[in-house]
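Engineer: show me the folded form of this:
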Amino acid sequence: MGDAFIKTSDGVSIYYKDWGPASAQPIVFHHGWPLSSDDWDAQMIYFLDHGYRVIAHDRRGHGRSTQTWEGNDMDHYSDDVVALTDHLNLKNAIHVGHSTGGGEVARYVNRAKAGRVAKAVLVGAVPPVMVKTPNNPGGLTVQFFDQFRDGTAVQRSQFFIDTAAGPFYGFNRPGAKVSQGLIMNWWRQGMMGSAKAHWDCVKAFSETDFTDDLKSINVPVLLMHGEDDQVVPIADSALLGIKMLKHGTLKTYPGYPHGMMSTNPEVINPDLLAFIQA
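Structural biologist: Prediction:
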């Protein structure tokens, strides 16, 4: 095992990493916008060291996967995960999704075949729905997400640097310990992907309503969220989502940013492990 590609039914090549013993319990990591499976390095190594099989893929249009110009929506993202888990014949897996990846996990887990999923974790995740609507009055305006679209379409390279150097990791907060390496790695991952797929994905992560997915999930779900998340504000995500889950647990982190699994893996990883082993 190592890294490889699978081909989906609509001809898209999905890149994935598969590390660890085939007999071990699998943990599947789902990255956020506009990144890649590389965003989970600190978790992949940690859980590999703890005896798990760790798997992560590059979402269509992202990273090393096909630079798709269509199909950049949550249903296709979920279908791609089905294709990957079927190909690897994963059973009793833990699915961990960050941000957009959390939406992907919610949709996939709700649709997964019996026996495929043991537990799920949503980290700084977008469910139940981000955009402001009459049914979601506390959401963010379409104009807020237009900034992401405009930044992606016009000055993507600079926009990605500014996002990583600012709100994503909380580096715009007074006294923040800035990691230039994290900023550079965020930019590197983002620029590997397709501007068109990234542009489309803004709609997917902001406007998709995961309410029914959350309500229908029957496995234990852990919601982990930074209380100072400036990208996916906690009040309109985790604090609402926990009320919709049948078997949900909420763990919040005072002062932690959106990308907290990268800024604080020494805290997030043991908490993930405790939930998985419970």
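Engineer: burial check on Tyr147, number of neighbours?
Structural biologist: You called it Tyr, but residue 147 is Gln. Residue crowding around Gln147 was assessed by other C-beta atoms under 10 Å; the count is 12. All C-beta atoms are positioned from the backbone trio N, CA, C, and that covers glycine.
Engineer: and what of Gln158?
Structural biologist: Residues near Gln158, counting by other C-beta under 10 Å: 11.
Engineer: what of the one 4 residues further on?
Structural biologist: Neighbour count of Asp162, defined by other C-beta under 10 Å: 16.
Engineer: using the three-state scheme, assign it.
Structural biologist: Under DSSP: H, G, I helix; E, B strand; the rest coil, Asp162 falls in the helix class.
Engineer: same check on Arg173?
Structural biologist: When the structure is split into helix, strand and coil by three-state DSSP, Arg173 lands in coil.
Engineer: any idea how far Arg64 is from it?
Structural biologist: 33 Å (C-beta to C-beta, to the nearest Å).
Engineer: how about Met244?
Structural biologist: Note on Met244: its distance to Arg64, by C-beta to C-beta, is 34 Å.
Engineer: surely Trp69 touches Ala197?
Structural biologist: Yes - under the criterion of C-beta atoms under 8 Å, Trp69 lies in contact with Ala197, with a separation of 7.3 Å.
Engineer: between these two, which one's more packed in?
Structural biologist: Between Trp69 and Ala197, counting by other C-beta under 10 Å, Ala197 is the more crowded of the two (24 against 11).
Engineer: and the pLDDT for the more buried one?
Structural biologist: If you check Ala197, the pLDDT there is 98.
Engineer: got it, and Met1?
Structural biologist: According to the model's per-residue confidence, Met1 sits at a pLDDT of 68.
Engineer: other residues contacting the helix or strand harbouring Ile183?
Structural biologist: Secondary-structure element containing Ile183, defined by DSSP states H and E: helix 180-192. Around helix 180-192, the neighbours that count as contacts under C-beta atoms under 8 Å, 6 or more residues apart in numbering are 34-36, 38-39, 62-64, 156-157, 160-161, 163-165, 168-169, 171, 198, 259, 262-263.
Engineer: try 7 Å this time
Structural biologist: Residues from elsewhere that reach helix 180-192, judged by C-beta atoms under 7 Å, 6 or more residues apart in numbering: 34-36, 38-39, 63-64, 157, 160-161, 164-165, 168-169, 262.
Engineer: tell me the gap between it and the middle of its chain.
Structural biologist: Here helix 180-192 is found 16 Å from its chain centre; the criterion is C-alpha atoms, centre = their mean, to the nearest Å.
Engineer: same check on stretch 57-66?
Structural biologist: Taking mean C-alpha positions (C-alpha atoms, centre = their mean), stretch 57-66 and its chain are 13 Å apart.
Engineer: can you give me the end-to-end span of that stretch?
Structural biologist: For stretch 57-66, the first-to-last residue distance is 12 Å (C-alpha to C-alpha, to the nearest Å).
Engineer: repeat that for stretch 152-172.
Structural biologist: Here the two ends of stretch 152-172 are set 20 Å apart, with distance taken as C-alpha to C-alpha.
Engineer: and for stretch 121-134?
Structural biologist: 28 Å.
Engineer: now stretch 40-58
Structural biologist: End-to-end distance of stretch 40-58 (C-alpha to C-alpha): 11 Å.
Engineer: pull the residues that contact it.
Structural biologist: Counting by C-beta under 7 Å, 6+ apart, stretch 40-58 makes contact with 14-22, 24-29, 31, 36-37, 64-65, 84, 88, 261-262, 265, 269, 273, all of which sit outside it.
Engineer: helices - which of those residues land there?
Structural biologist: With helices identified by DSSP state H, the entries of those that belong to them are 84, 88, 261-262, 265, 269, 273.
Engineer: which one of those has the most neighbours?
Structural biologist: For those, neighbours were counted by other C-beta under 10 Å; the highest total belongs to Met261, with 25 neighbours.
Engineer: Val121 versus the residue lying closest to that residue once chain neighbours are set aside, what's the distance?
Structural biologist: Computed as C-beta to C-beta, 6 or more residues apart in numbering, the closest residue to Met261 that is not its neighbour in sequence is Ile268, at 4.6 Å. In this structure, Ile268 and Val121 are 10 Å apart, going by C-beta to C-beta.
Engineer: the two - which one has more neighbours?
Structural biologist: Neighbour comparison, Ile268 and Val121: the larger count goes to Val121, with 27 against 23 (by other C-beta under 10 Å).
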